[in-house]
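**Q** Below: sequence and its predicted model.
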Amino acid sequence: ILKEQQQVLERNYKCQENLYEDCLGILENLEMEESSLKNEINILVSHIKELYHANDENSMDFSDYIMLQEKVGRLKSTVSQKKLLDDCEEQRKNGYLQDLQELEKKIKIEEEEIKIMENKLIERNYKRKMFENEMAALQEQLKKEEEETEIINKEILNSQRERRYLNNQLQNLKGNIRVYIRIKPLQKGEYSILNPLSTKKLLLTVPENFIRSDNSIREHQFKFENVFNHSVKQEDVYEELRTLMTSVIDGFNVCILAYGPTGSGKSYTIIGNGKFECRGLAPRALESLFELIELNKSSDLKCSIKVALHEIYLDNQRSLIESSDSCLLSTTKETINNSGNAFESKKRINEIEKEIYSLNEAFKLLEDGLSRRVVASTAANDQSSRSHLIFRITVKTESEDKSLMREGSLVLIDLAGSERLSISKTEDKHLKETLNINKSLTSLGDVISALYKKEKFIPFRNSKLTSFLQDYLIGDSKVLMIVNVSSDPFDFQQTV
């Protein structure tokens, strides 16, 4: 644009110069004509003088004199007009000169502005070049960083695979099937028949009223994977199991069962008693899983959580989640094996799953479901659970490019308590409940025993409970049974 303006100014300046030269040419012509007229006037004046002299001498005709006089008058008029024209041309010339001077001033100003703009343009071009060089350097750096990020992501993926493998090996070393003992705290005035000898050994002392003779065995020693004594808190129990949450994220199934006689603290172990510091395994597991999911977000892994809550009552399974279009996702459970590749679908009857997005939503669902569980009062326990509570948390993990897909489930089971009819004194409907509970617990014991001994035939079909748990007890699943027992001498037979 500046160059175009400069070219226009140069053309105008050229035109003014040409016009000035034309004016000078006209003035020169006028001056020549003026000189010529002056010469003619001088000649005429000379001629008139000659005529006067001739008139004196030759008696010149008066008419010739008059003609000459008129001719002289016309010449003088012409000279006056010529002078007037000269004055006009001089004024026009002066106007042109002033315009030319103004134009020269404008041209000079424009040239200075053009020079300033050219300097700015040079400076901008320099800055643009510098910016382009910086951009090229940044793009090169970005490319290197993207390559480094890709390498780091691959290393993270490899480290996650290695960590997953090592964690699974660690869990395998601890045992895919483990049995823990948790001793219910004593009430004031009671003495304990259970005394831990170590974290794995337990001594049971037979109460005096059960000793039949001097030859009767007075003590029994038992060995377990872990022994939680009277003083162990809820958080201590969970810390022992925390690493299993990582196994769930890694795509393995984990099954934790609370087993024991009625009133021994199974529900307290799994759920808690309503106090925050006494929350059980289920709420603590949800907290850990959400924390692990949050950590996985930094490694481009997307995780989702679905939960199912149901009970098995009188050998029938029913969901404790309210059935509605919003929460009824599917009655078919999609299972992904530990390699993250193979898929298989297994039909679940009366099973409702709900996807959850926050801890509060999960806690509310668990609380509402527990309020629908079947409980009753017996001679052994004022709030006796009459059904097996099953709380399943399924975590699905997949990468953005779908190259990695895993699904693992944590199944927390608060089993109904085993009962002696002589103690619970149940009748009618509650008697039927007791018989069903004891039968299903016997079937579960047979299955756990067969799995522990690695027998070829596992009697999963003996009850609805064991049939349901089949997927979570076989293969590379991690099974942990927490046996809750009372150290009260009165409960000796049930404890044994």
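**A** Good, I have the coordinates.
**Q** how would you label the one residue sitting closest to the centre of the chain: helix, strand or coil?
**A** The centroid of the chain falls nearest to Lys297 when counting by C-alpha atoms, centre = their mean (6.8 Å). On the three-state scheme (DSSP: H, G, I helix; E, B strand; the rest coil), Lys297 is labelled helix.
**Q** per-residue confidence for the closest residue to it other than its chain neighbours?
**A** In space, and not counting its chain neighbours, Lys297 is closest to Cys303: 8.0 Å by C-beta to C-beta, 6 or more residues apart in numbering. Every residue, glycine included, has its C-beta placed from N, CA and C. What the model reports as pLDDT for Cys303 is 87.
**Q** So which elements touch the strand or helix carrying Cys303?
**A** Cys303 is located in strand 301-313, with elements delineated by DSSP states H and E. Judged by 3 or more C-beta pairs under 8 Å, 6 or more residues apart in numbering; DSSP states H and E, strand 301-313 is in contact with helix 281-296, strand 316-319, strand 354-356, helix 359-370, strand 388-399, helix 464-473.
**Q** Pick the most buried one from these.
**A** Mean neighbour count, computed with mean count of other C-beta atoms under 10 Å, is highest for strand 388-399 among the helices and strands packed on strand 301-313, reaching a mean of 22.
**Q** For that strand, the averaged confidence score.
**A** 91.
**Q** okay, the angle between it and helix 359-370?
**A** Between strand 388-399 and helix 359-370, the angle comes out at 150 degrees (axes from the mean of the first three to the mean of the last three C-alpha atoms, to 10 degrees).
**Q** Each with direction, which strands does the helix or strand that strand 388-399 is followed by pair with?
**A** As assigned by DSSP H and E, the chain's next helix or strand after strand 388-399 is strand 405-414. Sheet pairing of strand 405-414 (DSSP bridges) gives strand 254-259 (parallel), strand 388-399 (antiparallel).
**Q** and the shortest one, how far from the chain's centre?
**A** Spelled out, that is strand 254-259. 34 Å (C-alpha atoms, centre = their mean, to the nearest Å).
**Q** quick one, helices of the stretch 101-250 of the chain?
**A** Ranges of helices in the stretch 101-250 of the chain, per DSSP state H, counting those that start in this stretch, are 234-241, 243-249.
**Q** Of those helices, which shows the lowest average pLDDT?
**A** Among the helices of the stretch 101-250 of the chain, helix 243-249 scores lowest, at a mean of 88.
**Q** Against Ile312, how distant is the residue lying closest to Val447 once chain neighbours are set aside?
**A** Spatially, and ignoring its direct neighbours in sequence, Val447 is nearest to Thr466 (4.8 Å; C-beta to C-beta, 6+ apart). Noted for Thr466: a distance of 10 Å to Ile312, by C-beta to C-beta, to the nearest Å.
**Q** quick one on the thing from earlier: the inter-axis angle of the strand holding Cys303 versus helix 359-370?
**A** 10 degrees.
**Q** for strand 301-313, which positions count as buried?
**A** Leu301, Cys303, Ile305, Lys306, Val307, Ala308, Leu309, His310, Glu311, Ile312, Tyr313 (16 or more other C-beta atoms under 10 Å).
**Q** How about the fifth one, nearest residue that isn't a chain neighbour?
**A** With sequence-adjacent residues excluded and distances taken as C-beta to C-beta, 6+ apart, Val307 is closest to Ile393, at 5.4 Å.
**Q** Low-confidence bits of the stretch 51-200 of the chain, can you list those?
**A** 51-65, 68, 72, 79, 160, 167, 173-175, 188-190 (pLDDT under 70).
**Q** Pro207 reaches Tyr191, doesn't it?
**A** No - with contacts counted by C-beta atoms under 8 Å, Pro207 stays clear of Tyr191, the gap being 9.3 Å.
**Q** Now for those two: what residues contact both?
**A** Residues touching both Pro207 and Tyr191 (C-beta atoms under 8 Å, 6 or more residues apart in numbering): Pro489.
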